[in-house]
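Peer 1: Fold the following, please.
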Amino acid sequence: MHRPMDAYDAHPDGAVPSASRPHPVDSAGPWPDASPPPGGIPDPARVDPAVLGALLDRHGWQRRGGAAGRYSRWTPPGPPAPPGGATSLLVPDTTAFPDSEDLLGEALTALARSAAPSAREVLVSLALPSDEIRWWREVPEEMAGVAGAVGWTGAERLHTAAREILLAGALAVRKSTGYHGARHRRRARAALEGILVGPAPGGRELAAFVPVASGRAVAVRLYQALHATREAVDYQRATGGFDAFGTAVEAGVSRELTEAVVALVQGSEGARIALRWAPAAGTPEGCPDRPDPVEFSPGDLPTLRRAGARYLRDEPAVTVRITGAVVRMRRSAPRGAGIVRLRVLAGAEVPHVRLELDEEAYRIAGHAHLVGLPIRVEGRLESRGGFRRLTRTSHVVPVRVDDAERDRLMKSLQENVDQFEEACTGE
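Peer 2: Residues are numbered from 1 along each chain as shown. Now for the predicted structure:
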């Protein structure tokens, strides 16, 4: 077994090295936010050997001795290879010795040249301290291709489901609710921009590296939500009740998450999701050091589907006051009520809403747009349709904006003038 991350071997005379190198996540300067150096090899001067050892152990590398207190020798996963037949890494135990940085540099170079699939993932985690999330789909043998590889459709299903699970976790960071719909998606997607994805050969496994600096909240929330989902499914299958899904909302469970898990499991013999924390950042408060994987089977699908339908049905409409720019207007006659589409500027976490206005409010909306002003409107944001429709509208008024915003809105009008000519003619 490798030594704990915070433990270091002593010198032969019993003295402990005075200091170890700080974790990259705590270092000043552009690293680790900057791109890795050319060739994908991190700077050995910025690598903590304890973190490297922890990552090698996580990815199945074997520690096979070394000089106690100075360095350890690691070999790739799998059975021992004949002498000279496999990569062997010498990793210093501390950075206190004169040759420590040289040994680290040689180990990192050997990793970059290694044919072991896990070698690249170790380098990625060193370059950008990240929590790792892994998905596995057990595909029936009759659906597997040559050498156990999965077809294009199966691999695409795994990618899509993993992306939706991550998005559900990011949405839960924004708000705990049973159904998000179109709300919060812009910011949730922005929270996922720094995630790196590394597929494993065969299309049965997928790994995502979630940067600690920008994505740890997502990883923690997803850990809580997945385990709460598993517990709620077990409770429902044991008792027939869905009460646990109601309380699981506070842990981040939602229709979006249940649908994503259904997409992951459907067409397989089962699926598993595992999460490992970045050694450089340590374990988040309130979470276990090594979370157990969460597994779902085809037998869970009816419960997950029914739970998702309940979340959709039970999520109430929301009373809002929205400020938005008119981007489309339509009515069936020159006079009377009409349909307006707004690009939301404030008041709701959705990009656009659609609303029906009476003749007077429709006229106000059209005039406001023609002079480059947004409007403010009150109403009920309906959960049906994903919180994209505003009903019971009232108090439609133009809103003053600064010159820069007004110029931008006028430019939008010029780019979409055909739509407003149609609106004015009643087409």
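
Peer 1: Now the host helix or strand of Arg328: average pLDDT?
Peer 2: In this assignment (DSSP states H and E), Arg328 forms part of strand 318-330. When pLDDT is averaged over strand 318-330, the result is 92.

Peer 1: Going C-terminal from that strand, what's the next secondary structure element?
Peer 2: With elements assigned by DSSP H and E, the helix or strand that comes after strand 318-330 is strand 338-346.

Peer 1: quick one: strands adjacent to that following strand?
Peer 2: Note on strand 338-346: by DSSP bridges, its sheet partners are strand 318-330 (antiparallel), strand 352-357 (antiparallel).

Peer 1: mind listing the helices for the protein?
Peer 2: In order along the chain, the chain carries the following helices (DSSP state H): 49-58, 100-113, 117-127, 152-174, 185-191, 212-239, 243-248, 255-265, 301-314, 359-370, 403-415, 417-425.

Peer 1: Nearest to Pro334, out of these?
Peer 2: Pro334 sits nearest to helix 417-425 of all the helices of the chain, at 7.5 Å, using Cβ to Cβ. For glycine as for every other residue, the C-beta is placed from the backbone atoms N, C-alpha and C.

Peer 1: Residues contacting stretch 57-66, please?
Peer 2: With contacts defined as Cβ atoms under 8 Å, 6 or more residues apart in numbering, stretch 57-66 is touched by 1-2, 53, 56, 72-77, 80, 89-91, 118, 121-122, 132, 276, 279.

Peer 1: Can you go through the residues you listed and name the buried ones?
Peer 2: Of all the contacts of stretch 57-66 considered here, the ones buried according to neighbour count by 16 or more other Cβ atoms under 10 Å are 2, 53, 56, 72, 74-76, 89-91, 118, 121-122, 132, 276, 279.

Peer 1: Closest one of the residues you listed to Glu295?
Peer 2: In terms of Cβ to Cβ, no member of the buried ones among the contacts of stretch 57-66 lies closer to Glu295 than Arg276, at 16.1 Å.

Peer 1: Tell me who's in contact with the closest one.
Peer 2: Remark: with contacts taken as Cβ under 8 Å, 6+ apart, Arg276 is in contact with Arg58, Asp131, Glu132, Arg134, Arg290, Pro291.

Peer 1: Would you agree Val265 is in contact with Phe296?
Peer 2: Yes - counting by Cβ atoms under 8 Å, Phe296 is a contact partner of Val265 at 5.0 Å.

Peer 1: what's the overlap in contacts for those two?
Peer 2: Ala271, Leu304.

Peer 1: so what pLDDT did Glu205 get?
Peer 2: 85.

Peer 1: Can you tell me the closest non-neighbouring residue to it?
Peer 2: Distance criterion Cβ to Cβ, 6 or more residues apart in numbering; nearest residue to Glu205, sequence neighbours excluded, is Trp136 at 5.2 Å.

Peer 1: Show me the beta-bridge partners of that neighbour.
Peer 2: Using DSSP bridges, the beta-bridge partners of Trp136 come out as Glu205, Arg272.

Peer 1: Could you tell me how many residues sit around it?
Peer 2: By other Cβ atoms under 10 Å, the residues close to Trp136 number 19.

Peer 1: buried residues in the strand holding Arg328?
Peer 2: Going by neighbour count (16+ other Cβ under 10 Å), the buried part of strand 318-330 is Val320, Ile322, Thr323, Gly324, Ala325, Val326, Val327, Arg328, Met329.

Peer 1: Show residues contacting that strand.
Peer 2: Surrounding strand 318-330, the residues in contact under the criterion Cβ under 8 Å, 6+ apart are 338-348, 352-353, 362, 365-366, 368-369, 374-381, 383, 387, 390, 395, 399, 409, 412, 416, 419-420, 422-423.

Peer 1: got a list of what the residue nearest the centre of the chain touches?
Peer 2: The residue lying closest to the centre of the chain (Cα atoms, centre = their mean) is Leu166, at 3.4 Å. With contact taken as Cβ under 8 Å, 6+ apart, Leu166 is in contact with Ile133, Leu192, Ile195, Ala208, Val210, Val218, Leu222.

Peer 1: 10 Å instead, please
Peer 2: If a contact means Cβ atoms under 10 Å, 6 or more residues apart in numbering, then Leu166 has 133, 188-189, 191-192, 195, 197, 208, 210, 215, 218-219, 222, 260 as its contacts.

Peer 1: Just the pLDDT at it, thanks.
Peer 2: Predicted confidence (pLDDT) for Leu166: 96.

Peer 1: go on, Pro12?
Peer 2: Pro12 is assigned a predicted lDDT (pLDDT) of 37.

Peer 1: From the contacts of strand 318-330, keep the buried residues only.
Peer 2: Under a neighbour-count criterion of 16+ other Cβ under 10 Å, the subset of the contacts of strand 318-330 counted as buried comprises 338, 340-342, 344-345, 347-348, 353, 362, 365-366, 368-369, 374-379, 381, 383, 387, 390, 399, 409, 412, 419-420, 423.

Peer 1: what sits up against stretch 303-312?
Peer 2: 177-181, 229, 232-237, 240, 242, 244-246, 248-249, 253-262, 265-266, 296, 383-384, 386.

Peer 1: what's the model's confidence in that stretch, averaged?
Peer 2: When pLDDT is averaged along stretch 303-312, the result is 96.

Peer 1: go on, stretch 103-121?
Peer 2: Averaging the model's pLDDT scores along stretch 103-121 yields 83.

Peer 1: And for stretch 139-156?
Peer 2: When pLDDT is averaged along stretch 139-156, the result is 64.

Peer 1: any idea how far Arg137 is from Cys158?
Peer 2: In this structure residue 158 is Leu, not Cys. Using Cβ to Cβ, to the nearest Å, one gets 5 Å for the distance from Leu158 to Arg137.

Peer 1: What of Arg343?
Peer 2: Relative to Arg137, and taking Cβ to Cβ, Arg343 is found at 39 Å.
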